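*Asks:* got a predicted structure plus its sequence, pasted below:
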Amino acid sequence: MIISSPSDYRAAAQKRLPPFLFHYIDGGAYAEKTLRRNVDDLADVALRQRVLKDMSQLDTSIELFGEKLSIPVALSPVGLTGMYAQRGEVQAAHAADKKGIPFCMSTVSVCPIEEVAPKLGRPMWFQLYVLKDRGFMKNALERAQAAGCSALVFTVDMPVPGARYRDAHSGMSGPNAAMRRYWQAVTHPHWAWNVGVHGKPHDLGNISKYMGKAVGLEDYMGYLGANFDPSISWKDLEWIREFWKGPMLIKGILDPEDAKDAVRFGADGIIVSNHGGRQLDGVLSSARALPAIADAVKGQIKILADSGVRNGLDVVRMLALGADCTMIGRAFIYALAAAGQDGVSHVLDLFEKEMRVAMTLTSVNKVADITPDLLVQSA
Ligand SMILES: Cc1cc2nc3c(=O)[nH]c(=O)nc-3n(C[C@H](O)[C@H](O)[C@H](O)COP(=O)(O)O)c2cc1C
């Protein structure tokens, strides 16, 4: 299979993974309208081509919360990453580290914080969900701090899990799920050997460590439904602030009024995100939501954005729409599933190359100059 662009990794991942895992990554909520919009709306953003401006000195780096990033990209938190590749969180974090960008570990990762953070040359970020057990949250924050995590990403758009109907069809959930998953595993021997056999233990590492016993993946969505807390409000964030001293980002903002609340609360950053189209179907794509949010809070708080970013050109588009930095989910996960750490490194290098082309042909030689001035009406 020829891999020449980031999007080629999707097909490669589909070949390698048992269908229940591929569709868990690839799918979205309900009719997947927002999932498609995320990609389509971003691809529709037209940039102003400008030429003959001597672009020989081009710098793709940024500074964020006192850290240098070689490109304005961070890896979004993705649950169960250790099921897509052997100890997947470790591999993805190493690739991010090598590239000089942050890896953000999900609460519901397979590898626990302590397996990943000490091996890295730069601090990772940690993402927290609101679980009913506040003892777990406090424990996770203390462990993340002890492991040197430099930023906390607090995800607020999942007080309840969205309905992902693909999962029932693929065997992630639904009738006879365990039997169907077993059959899919044995018919995908590369995955079965590398991840199924040699990628153990397969549990939610951060939660197991707190509970003192393995919290398994058997009924993963059932676990999320039972343990996620729909009572979450700004009060909970104040409680978290007491335990977390570093930069705190609120992930899942899609409305300017919520962005203003985040500024009032004193957050250091927001992540404009619809969870990659996995929660409320029909909401705006991040690309469409971002300009109004940037109008409301740009300069008062760092604006990060994810959902739909598939290549380096999309990064430039998202920045032109108002983001200070982007994050990527599926784009790195497909590469991880297909080719492990090397796949993620490759995709990040492709992102940089594509960014350089986009910056050269829009005549911006530093990231701070990527502004709405680069946008042009396409129709
Ligand atoms: C398989 C999968 C699992 C995810 N798990 C989490 C998670 O544990 N925590 C979280 O905050 N977001 C999670 N997300 C959302 C991502 O952090 C990110 O917002 C989303 O993937 C961005 O969209 P993109 O995939 O189009 O880049 C997950 C996304 C995917 C695809």
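*Replies:* Sure thing, it's come through. Numbering: from 1, shown residues only.

*Asks:* and the residue of the chain found nearest the ligand, how far is that from K68?
*Replies:* At 2.1 Å from the ligand, G329 is the closest residue in the chain, using CB to the nearest ligand atom. In this view, the C-beta of every residue, glycine as well, is placed from N, C-alpha and C. According to CB to CB, to the nearest Å, G329 stands 23 Å off from K68.

*Asks:* coming back round to it: and the residue of the chain closest to the ligand, what is it in contact with?
*Replies:* By CB atoms under 8 Å, 6 or more residues apart in numbering, the residues touching G329 are 76, 78, 276, 306-307.

*Asks:* may I ask which of the residues you listed has the most neighbours?
*Replies:* S307 (36 neighbours; other CB atoms under 10 Å).

*Asks:* what's the closest non-adjacent residue to that one?
*Replies:* Once flanking residues are discounted, S307 sits nearest to S286: 4.1 Å by CB to CB, 6 or more residues apart in numbering.

*Asks:* and D236, which helix or strand is it part of?
*Replies:* helix 234-243 (DSSP states H and E).

*Asks:* in that helix, which residues are buried?
*Replies:* Within helix 234-243, the residues that count as buried by 16 or more other CB atoms under 10 Å are 236-237, 240, 243.

*Asks:* with stretch 262-275 instead?
*Replies:* Using 16+ other CB under 10 Å as the burial criterion, the residues of stretch 262-275 that qualify are 262, 267-275.

*Asks:* again with stretch 203-217
*Replies:* Here stretch 203-217 shows 203-210, 215, 217 as buried, counting by 16+ other CB under 10 Å.

*Asks:* would CSV of those with pLDDT, distance to R180 and secondary structure be doable?
*Replies:* Formatted as CSV, those follow (pLDDT from 0 to 100; distance: CB to CB, whole Å; DSSP: H, G, I helix; E, B strand; the rest coil):
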residue, pLDDT, distance to R180, secondary structure
D203, 93, 20, coil
L204, 93, 21, coil
G205, 95, 25, helix
N206, 94, 27, helix
I207, 91, 25, helix
S208, 90, 25, helix
K209, 88, 30, helix
Y210, 88, 30, helix
V215, 82, 22, coil
L217, 76, 14, coil
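
*Asks:* okay if I get those as JSON lines plus distance to R164?
*Replies:* Output for the buried residues of stretch 203-217, formatted as JSON lines (distance: CB to CB, whole Å):
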{"residue": "D203", "distance to R164": "21"}
{"residue": "L204", "distance to R164": "18"}
{"residue": "G205", "distance to R164": "23"}
{"residue": "N206", "distance to R164": "22"}
{"residue": "I207", "distance to R164": "21"}
{"residue": "S208", "distance to R164": "24"}
{"residue": "K209", "distance to R164": "27"}
{"residue": "Y210", "distance to R164": "26"}
{"residue": "V215", "distance to R164": "21"}
{"residue": "L217", "distance to R164": "15"}
